[in-house]
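*Asks:* give me the fold of what follows.
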Amino acid sequence: MSRSFKSFMIVALLAGFVAGCGGSVDETYVAISLRDATRTNVLSPGFKFGFESPNFVAVHKNVSLVREGNLIEIFVGDGLEGEISKLSGGRFTVCARKFFDPVIHFNVDYLVAGSDTVMVGEPYEVAIPSLLKMRDFSTDDFDEVELDKITSNRLSLKDLPETRFKVQDAKVMYEMIGEEEMYTIHLPKTRLIVKDPGDDIILIFKALINEQLYFTGGVSYGEIPSQSFRRNYDSAGEVTVDYIAYANRYVVVR
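*Replies:* Numbering: from 1, shown residues only. As a prediction, the model looks like this:
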């Protein structure tokens, strides 16, 4: 039996399984693994696929990241964050269509959990992260600094204003800064407060936190904050994030 025929039989059997489970799953959505949906030429009219309980590692507003092994793919859908949060810990099927522009991603049409079917559909607004192959983005414009020498002391910060520098293997947290929850990047002896992160950066931060991964990327430092700010918040100041290394790609802020 040829490999292609075996693949066809497996897909056909899985499609029957999805169509026969609880809820209302259209059999035109071919049940398949994420890897096969993105790395093989399985035929599906309209590029419709069904995914059984995919691993959503991060969801923010209308965009999510789904992991299968070392593979990460993007799923979008109107109000997706709220709908996925309701399904946490349970079994469900994601019925989605594959798109190729601006990058390969899947638009969730509906979700099936038991006897419930939840329509999702295309989002009105969506911020798909810019995922570049590492060879397609240069980090040469970012300085190498001695991270273990950065503290909240003003003297240690004298060379940082208006500079862009690299950060390696730093913990990301979402924590209270004053009266507001903010994302922070923890260096060996202090922390940086992330200023106005966009939806794409927040999505990756959520993935790093949920998967217990460390931040490696580039940041831009502004001005040295006041002594009271540094003391009260145990911080070296605010930074904006320019890029993050994630899933063998660079997520680049444009």
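
*Asks:* going by C-alpha atoms from here, please, whenever you check contacts or count neighbours.
*Replies:* Will do.

*Asks:* tell me what Lys133 is bridged to.
*Replies:* Per DSSP bridges, the residues bridged to Lys133 are Arg249.

*Asks:* count of residues packed around it?
*Replies:* Neighbourhood size, Lys133 [other Cα atoms under 10 Å]: 13.

*Asks:* number the chain from 36, please
*Replies:* New numbering, starting at 36: the last item is Lys168.

*Asks:* these two touch, right, it and Arg284?
*Replies:* Yes - Lys168 is in contact with Arg284 according to Cα atoms under 8 Å; the separation is 4.9 Å.

*Asks:* residues in contact with the longest strand belonging to the chain?
*Replies:* The longest strand of the chain (DSSP state E) is strand 199-212. Strand 199-212 is contacted from outside by 176-180, 182, 216-222, 240, 243-244, 248-256, 268, using Cα atoms under 8 Å, 6 or more residues apart in numbering.

*Asks:* what pLDDT does the model give the nearest residue to Ser191 once chain neighbours are set aside?
*Replies:* Nearest in space to Ser191, with sequence neighbours left out and distances taken as Cα to Cα, 6 or more residues apart in numbering, is Ile185 at 5.5 Å. Ile185 is assigned a pLDDT of 97 by the prediction.

*Asks:* same check on Asn76?
*Replies:* Reported pLDDT at Asn76 in the predicted model: 84.

*Asks:* which ones are touching it?
*Replies:* With Cα under 8 Å, 6+ apart, Asn76 has no contacts at all.

*Asks:* so it belongs to a strand, correct?
*Replies:* No - read with DSSP: H, G, I helix; E, B strand; the rest coil, Asn76 is coil and lies in no strand.

*Asks:* what values do phi and psi take at it?
*Replies:* For Asn76, the backbone dihedrals (degrees, to the nearest 10) come out as phi -110, psi 40.

*Asks:* same thing with Tyr218?
*Replies:* phi -80, psi 140.

*Asks:* okay, now it: neighbour count?
*Replies:* For Tyr218, the count of nearby residues is 21 (other Cα under 10 Å).

*Asks:* quick one: it from Asp204, how far?
*Replies:* Taking Cα to Cα, to the nearest Å as the measure, Tyr218 falls 16 Å from Asp204.

*Asks:* which residues of the stretch 136-285 of the chain fall in helices?
*Replies:* Along the stretch 136-285 of the chain, counting by DSSP state H, counting those that start in this stretch, helices occupy 234-245, 262-267.

*Asks:* right, I'll call it a day here.
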